[in-house]
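for reference, the sequence and a predicted model appear below.
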Amino acid sequence: MNSGHKISLLGTGLIGMFYAMTLHKYQSRHRIMNVFSRSQERADKFAEEWSIPRTSADLKSAIDDPETDTVIIGIPNDVHLEAVKMCADAGKAILCTKPLGRTASEAREMLDYVEKKGVYAAYLEDLVYTPKTLKSLDSVRNGALGKVFWVRSRETHPGPHSAWFWDNKQAGGGALIDLGCHCVEIIRNFIGKDIRPVEVMCWADTIVHNIDSEDNAIALVKFQNGSIGQVEVSWAFRGGMDLRDEVAGTEGTIWLDHFLNTGFQMFTSCGEGGYVAEKAETDKGWLFPVGDEVNELGYTHMFLDAFAAMDEGREPMETFYDGYVVNAILDACYKSAESRRWEPVNLAEWRGKDSSAEGPAKETLIDGRYDLVKKETLADGRIKLILKDREIGKVIEKIE
């Protein structure tokens, strides 16, 4: 067994804190040996908190540290491309936070660069690794839901903690790129990442905050097999962070609530006296704490997979190519929000399968003439069939 990887961590914000917490509290085999922040004071404080031996306010110095073999990128979106190229040039394994780029063009450049250099690269999309999501994906793959034809993914909260998220140039957008990247990849996993996304329709607007970016958005993503994904994001939702997914298939349904209704509710009149949960707006009244937050948000299994894949010489569950596809879908969303039309998802390269839109997921012929529309059991136990006549198109009922 590998004795553990030595890591340079780029970034000391909230995401850096979650990464350090996951690795140092729950995966002690892998250690952060160097942490980078644009502020030396912040780097030093973060290093003291997480027992990290070295710090740097110079990006290249942290990446080129001769004692580390892996770099985790958790810095603003506009620096991802530069950092990925530096890491690849240094021959380091790369684990990059979401979104991969501000645009598909940036993401594609990163993908091409790491593949040309032959370095390991994983896309850190934590929300597809939550325990509930992993279990649900197993059920879908085992056929429990039949064909998945609709997936709704929602992430809403009062807005990011750091200033750069609110800067359109640095972030590449607003709530859609920040939160929509999660939703899009959750949808792709449930529908099938080998199913090509073909077009999107999106509404996005700035409703609450004094910013240039959108703080609310809703999008529909159509896939080549006819399935639909529904994205709902907001930086203006009050009451904490709402993470919910719904999966509809021909044979079943899955509802997931990851953060607000987890079965842990607490009331306090005097206050929690500290941190409650990510994006919680108060520490008094009815609270919704999360027991093991990094695990519930997927970080634990995300890093387990990323490092195991590296050691086993295989691709992780989430790759830079996945990050590129997500960015391409989001590019189409932004274009659609502006044009107010369905817009195509432009992919320079598609590595999945190509298939035409499918018809009804299940066809049953009754009496050699009728298509079965619906079968239901009545209150008295009899069976009602809704049938469509293939010859004349008329819909009838039949009681058995």
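Yes, it's here. Numbering: from 1, shown residues only.

that's a strand at residue 304, yeah?
No. Assigned with DSSP: H, G, I helix; E, B strand; the rest coil, residue 304 falls outside any strand and is helix.

quick check: closest non-adjacent residue to it.
In this structure, residue 304 finds its nearest non-sequential neighbour in residue 27, 7.2 Å apart by Cβ to Cβ, 6 or more residues apart in numbering. Every residue, glycine included, has its C-beta placed from N, CA and C.

surely the one you found is in contact with residue 302?
No. Here residue 27 lies out of contact with residue 302, judged by Cβ atoms under 8 Å, at a distance of 10.6 Å.

what about those two, which has more around it?
Using other Cβ atoms under 10 Å as the criterion, residue 27 and residue 302 rank with residue 302 on top: 26 against 16.

need the pLDDT of that one.
For residue 302, the pLDDT comes out at 97.

mind checking how far the closest residue to it other than its chain neighbours is from residue 137?
Leaving aside its sequence neighbours, residue 302 sits nearest to residue 129 (Cβ to Cβ, 6+ apart; 4.2 Å). Computed as Cβ to Cβ, to the nearest Å, the residue 129 to residue 137 distance reads 10 Å.

and residue 170, what helix or strand is that in?
helix 168-171 (DSSP states H and E).

which other residues reach that helix?
76-78, 102, 164-165, 174, 177-178, 211-213 (Cβ atoms under 8 Å, 6 or more residues apart in numbering).

got the buried residues for that helix?
Under the neighbour-count criterion of 16 or more other Cβ atoms under 10 Å, helix 168-171 has residue 171 buried.

can you name the element that comes right after that helix?
helix 175-191.

can you check what angle separates the next helix or strand after that next one from helix 175-191?
As assigned by DSSP H and E, the chain's next helix or strand after helix 175-191 is strand 197-205. If you take axes from the mean of the first three to the mean of the last three Cα atoms, to 10 degrees, strand 197-205 sits at 150 degrees to helix 175-191.

model confidence over the helix or strand following strand 197-205, on average?
Heading C-terminal from strand 197-205, the first helix or strand you meet, by DSSP H and E, is strand 216-223. Across strand 216-223, the average pLDDT comes to 98.

what pairs with the helix or strand just after strand 216-223, parallel or antiparallel?
Sequence-wise, the next helix or strand downstream of strand 216-223 (DSSP H and E) is strand 228-234. With DSSP bridges as the test, strand 228-234 is paired with strand 148-156 (parallel), strand 216-223 (antiparallel).

Three-state assignment for residue 127, please.
helix.

what's the distance between the residue lying closest to residue 166 once chain neighbours are set aside and residue 53?
By the measure of Cβ to Cβ, 6+ apart, the closest residue to residue 166 outside its immediate chain neighbours is residue 211, 5.2 Å from it. Residue 211 sits 39 Å away from residue 53, going by Cβ to Cβ.

excluding covalently adjacent residues, which one is nearest to residue 131?
Spatial nearest neighbour of residue 131, excluding adjacent residues (Cβ to Cβ, 6+ apart): residue 295 at 6.7 Å.

ok, that neighbour - contacts?
Shown in contact with residue 295 (Cβ under 8 Å, 6+ apart): 26, 131, 301.

and it, its phi and psi?
Phi and psi for residue 295, reported as degrees, to the nearest 10, are phi -70, psi -40.

one more: residue 344?
Torsion angles, degrees, to the nearest 10, at residue 344: phi -70, psi 150.

I'd say it and residue 199 touch.
Yes. With contact defined as Cβ under 8 Å, residue 344 reaches residue 199; the gap is 5.1 Å.

spit out the residues that contact the two alike.
When contacts are counted by Cβ under 8 Å, 6+ apart, residue 344 and residue 199 are jointly contacted by residue 332.

which one of those two has more residues nearby?
Comparing residue 344 with residue 199 by neighbour count (other Cβ under 10 Å), the higher total belongs to residue 199, at 17 against 14.
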